[in-house]
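Participant: what follows is a protein structure lacking sequence information:
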C-alpha cells in the first residue's frame with residue numbers, strides 16, 4: 001500500500017472519530033468556586049490549632065472539596081462570626097441553628113451538619129435531679145457571656161427563677177465549678193468533655209461529671225448570607241458534597257478520625273493538683 005493510501009485511510013478514520021465525538025452530548029464542567037467563611041473557636045468542633053481545624057471544619061472543607069469549592073476560613077472572637085455574617089461583612093459560616101432573625105438573612109444547608117446537645121456539668125460528688133429547669137431554682141448556675149442555652153433557660157433567668165452567675169469564658173466557668181463557686185454549668189456535651197481534659201489535671205478531671213438529661217438539643221447547619229452573589233449555588237454544591245460523604249460512609253469515618261486526632265493532640269494530663 002502506498003504512503004498516499006495510508007494517509008488517506010488515516011484521514012478518513014480521524015474524520016469519523018471527530019464526527020462521532022461531535023454527536024455526543026456535551027459534559028458540563030463545573031467551574032471551581034471559592035467561598036470565605038467565618039467562625040469562632042469551639043473545640044473540638046471548631047479550632048484553628050486542632051487537626052483539620054476541628055470536627056465541623058473538616059466536615060465543611062471535605063464536603064466542599066468533593067464538589068470543587070475551595071474554602072478560606074477566618075477565626076474571630078465569640079459572637080462576632082454570626083453578627084458579622086448578619087451585617088453582610090462575611091459570606092458564610094457553620095455550626096448555627098435556625099432562628100427567626102437569621103432565617104430572614106441566611107440560607108441554610110438542607111441537612112444539619114451536627115446536633116448540639118447542651119447538658120449540665122457538675123461535680124461528681126453532687127446530684128441535682130430535675131424534670132423541668134424551674135426545679136433548679138435553689139442552685140447557682142454558671143453561664144458564659146454571649147452564649148445561648150435555650151429559650152426556656154433565658155425566660156426563667158429573666159423571671160428570676162434561675163440564679164445565673166456569668167463569666168467571660170467557658171474555662172472560667174469550669175474552674176468555678178471545680179472549686180464549688182457554682183453548682184452547675186451548661187455546655188455542649190462534646191465540647192465540655194474536651195475542655196475538662198484540656199484544662200484539668202487527671203485528679204481534677206475525676207471530680208467533674210455531666211448529666212444525661214439534656215437541657216436542649218439543636219441541629220446546626222452550614223449557612224450563607226442571602227445577598228451573596230452565588231449563595232444558592234454554594235448551598236446546592238455543599239448539599240451535594242455532604243450527601244456524597246454521607247452515602248459513601250466517609251462522613252462517619254472522618255467524624256471518628258477527627259475527634260480521635262483532637263484528643264490525641266492534647267498534652268498528657270498531669271498528676272498533680274495544679275491546673276494546667
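Facilitator: Arrived safely. Not measured: the values here are computed from a predicted model.
Participant: got the buried residues for stretch 174-185?
Facilitator: 174-178, 182-185 (16 or more other Cβ atoms under 10 Å). All C-beta spots, glycine's among them, are computed from the backbone N, C-alpha and C.
Participant: let me fix that: stretch 205-213
Facilitator: For stretch 205-213, by 16+ other Cβ under 10 Å, it's 205, 207-208, 210-211.
Participant: hang on, the earlier thing: which of the buried residues of stretch 174-185 lies closest to residue 50?
Facilitator: For those, the residue nearest residue 50 by Cβ to Cβ is residue 174; the value is 18.3 Å.
Participant: returning to that earlier point: and which of the buried residues of stretch 205-213 is nearest residue 48?
Facilitator: Nearest to residue 48 among the buried residues of stretch 205-213, with distances taken as Cβ to Cβ, is residue 205, at 24.4 Å.
Participant: what about the strands in the stretch 101-250 of the chain?
Facilitator: 106-108, 114-123, 140-144, 163-167, 185-188, 208-225 (DSSP state E, counting those that start in this stretch).
Participant: show the contacting residues for the nearest residue to residue 80 once chain neighbours are set aside.
Facilitator: Nearest non-adjacent residue to residue 80, counting by Cβ to Cβ, 6 or more residues apart in numbering: residue 40, 6.8 Å away. Each residue near residue 40 by Cβ atoms under 8 Å, 6 or more residues apart in numbering is listed here: 46, 75-81.
Participant: any idea how far residue 193 is from the nearest residue to residue 211 once chain neighbours are set aside?
Facilitator: Leaving aside its sequence neighbours, residue 211 sits nearest to residue 120 (Cβ to Cβ, 6+ apart; 4.8 Å). Separation of residue 120 from residue 193 (Cβ to Cβ, to the nearest Å): 13 Å.
Participant: joint contacts of the two?
Facilitator: Counting by Cβ under 8 Å, 6+ apart, the contacts common to residue 120 and residue 193 are residue 210.
Participant: which of these two has more residues huddled nearby?
Facilitator: residue 120 (26 against 18; other Cβ atoms under 10 Å).
Participant: OK, contacts around that one?
Facilitator: Applying Cβ under 8 Å, 6+ apart, the residues near residue 120 are 128, 141, 184-186, 210-211, 213, 215.
Participant: re earlier: between the buried residues of stretch 174-185, which is closest to residue 102?
Facilitator: Nearest member of the buried residues of stretch 174-185 to residue 102, counting by Cβ to Cβ, is residue 185, at 26.0 Å.
Participant: picking up where we left off before, between the strands of the stretch 101-250 of the chain, which gets nearest to residue 96?
Facilitator: Closest among these, using Cβ to Cβ: strand 208-225, at 5.2 Å.
Participant: give me the nearest residue to residue 156, chain neighbours excluded.
Facilitator: Closest to residue 156 by Cβ to Cβ, 6+ apart is residue 162, at 4.5 Å.
Participant: and the gap between the one you found and residue 143?
Facilitator: Relative to residue 143, and taking Cβ to Cβ, residue 162 is found at 9 Å.
Participant: next: residue 152.
Facilitator: 14 Å.
Participant: and for residue 202?
Facilitator: Applying Cβ to Cβ, the value for residue 202 to residue 143 is 27 Å.
Participant: the bottom helix or strand of the protein by mean pLDDT?
Facilitator: Every helix and strand of the chain was ranked by mean pLDDT, DSSP states H and E. The lowest is helix 3-23, at a mean of 50.
Participant: tell me the contacts of the nearest residue to residue 218 once chain neighbours are set aside?
Facilitator: Distances taken as Cβ to Cβ, 6+ apart put residue 97 closest to residue 218, at 4.6 Å, once the chain neighbours are dropped. Applying Cβ under 8 Å, 6+ apart, one finds that residue 97 lies in contact with 116, 218-221.
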